[in-house]
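*Asks:* Fold the following, please.
(one chain, ligands or ions: 1)
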Amino acid sequence: MLHTFFFSPSNTTRKYAKAMTEAFGEESQLIDLTHGPCEVESDLVDGDTALLISPVYAGRIPAMAAELFRQIDGHGMKAIVAVVYGNRDYDDALLELADIAAEDGFEVVAAGAFIAQHCIFPKVANGRPDASDMAIAADFIKRARESGKLDISTIKGTRPYKTPGAVPLRPQTEETACRSCGVCARECPTGAIDPVTLKTDKDKCITCCRCIAVCGTHARKFKGVMYVTAGKIFCAQNSKRREPELFF
Ligand SMILES: Cc1cc2nc3c(=O)[nH]c(=O)nc-3n(C[C@H](O)[C@H](O)[C@H](O)COP(=O)(O)O)c2cc1C
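*Replies:* Down below sits the predicted model:
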């Protein structure tokens, strides 16, 4: 059986998680960690495989996701690890996730870095994952299923991992578009949005874009000169198409 653990505020990692899980071709369960821990460890038995898949934030695994992945008990099961990034770079994130899986007690058999539309600057890698990404993801998981132990030191990245830079941008509410339904507050993984005033607590917000992804009226968005300026520079520097990188 395959147990797929994923963290996915803006849903692109979820897309990869679902596609890979289906391609594995066995009984499976999807475990969504976006809103915190799930009590699933007792379901894991010898001979099962786990897939741990996470987005990349500032070249690392998001701190909240890393904490949740660390709570899984691998007890000798095989693990496949994968990261999803917005076409800039995944830096040390894949190595970090493989290290976490190994520390959990998994035997890591394969690792892959995949590309998706950047959730903060969606013009970058717009429309990805596309059909080619999905085909590579399916092949990856089929190959990983037959794979023996991976030498983690062959994964791109360095230890100590890079210190993640702070992302100064925060989504805001466009008052005229907001219907005060509160879905953004309910869905925010860190509880950063006040359910009554719908104001964002800048210290709690991790800029994960969950509120943008779930808002039915597109009222949550990035605004301001800093965003527009940063976006132009970011797009100019990161628009060249990158392809998945796989390690067995
Ligand atoms: C706070 C933050 C930091 C990010 N840092 C990076 C990065 O270092 N490199 C990169 O290529 N993409 C980066 N991204 C883009 C995400 O990795 C990408 O949009 C990913 O698909 C998001 O996954 P999700 O849709 O499952 O939430 C960042 C996104 C956020 C929100």
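
*Asks:* mind exporting stretch 72-92 as CSV, just the C-alpha atoms?
*Replies:* Extracted C-alpha coordinates of stretch 72-92, given in CSV (Å, rounded to 0.1, in the frame of the first residue of the first chain):
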residue,chain,number,x,y,z
ILE,A,72,5.9,10.3,10.8
ASP,A,73,7.2,7.0,12.0
GLY,A,74,8.9,5.3,9.0
HIS,A,75,9.9,2.1,10.9
GLY,A,76,11.9,0.7,8.0
MET,A,77,9.4,1.3,5.2
LYS,A,78,10.5,2.5,1.8
ALA,A,79,10.0,6.2,1.1
ILE,A,80,9.9,8.2,-2.1
VAL,A,81,10.5,11.9,-1.6
ALA,A,82,9.6,14.8,-3.9
VAL,A,83,9.5,18.5,-4.0
VAL,A,84,7.6,21.0,-6.1
TYR,A,85,9.1,24.4,-6.9
GLY,A,86,8.2,27.5,-8.9
ASN,A,87,10.9,27.3,-11.6
ARG,A,88,13.5,29.3,-9.7
ASP,A,89,15.4,26.5,-7.8
TYR,A,90,14.9,23.9,-5.2
ASP,A,91,18.3,24.5,-3.6
ASP,A,92,18.5,22.2,-0.5
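
*Asks:* Give me the phi and psi for the residue of the chain positioned farthest from its centre.
*Replies:* Residue farthest from the centre of the chain, counting by CA atoms, centre = their mean, is T176 at 31.0 Å. Here is the backbone geometry of T176 (degrees, to the nearest 10): phi -70, psi -30.

*Asks:* State the distance from it to the ligand.
*Replies:* According to CB to the nearest ligand atom, to the nearest Å, T176 and the ligand sit 25 Å apart. (Glycine included, C-beta is placed from N, CA and C.)

*Asks:* Enumerate every residue touching the residue nearest the centre of the chain.
*Replies:* Nearest to the mean C-alpha position of the chain, by CA atoms, centre = their mean, lies P55 at 2.1 Å. P55 sits next to 7-10, 12-13, 62, 65, 83-85, 116, 119 when contact means CB atoms under 8 Å, 6 or more residues apart in numbering.
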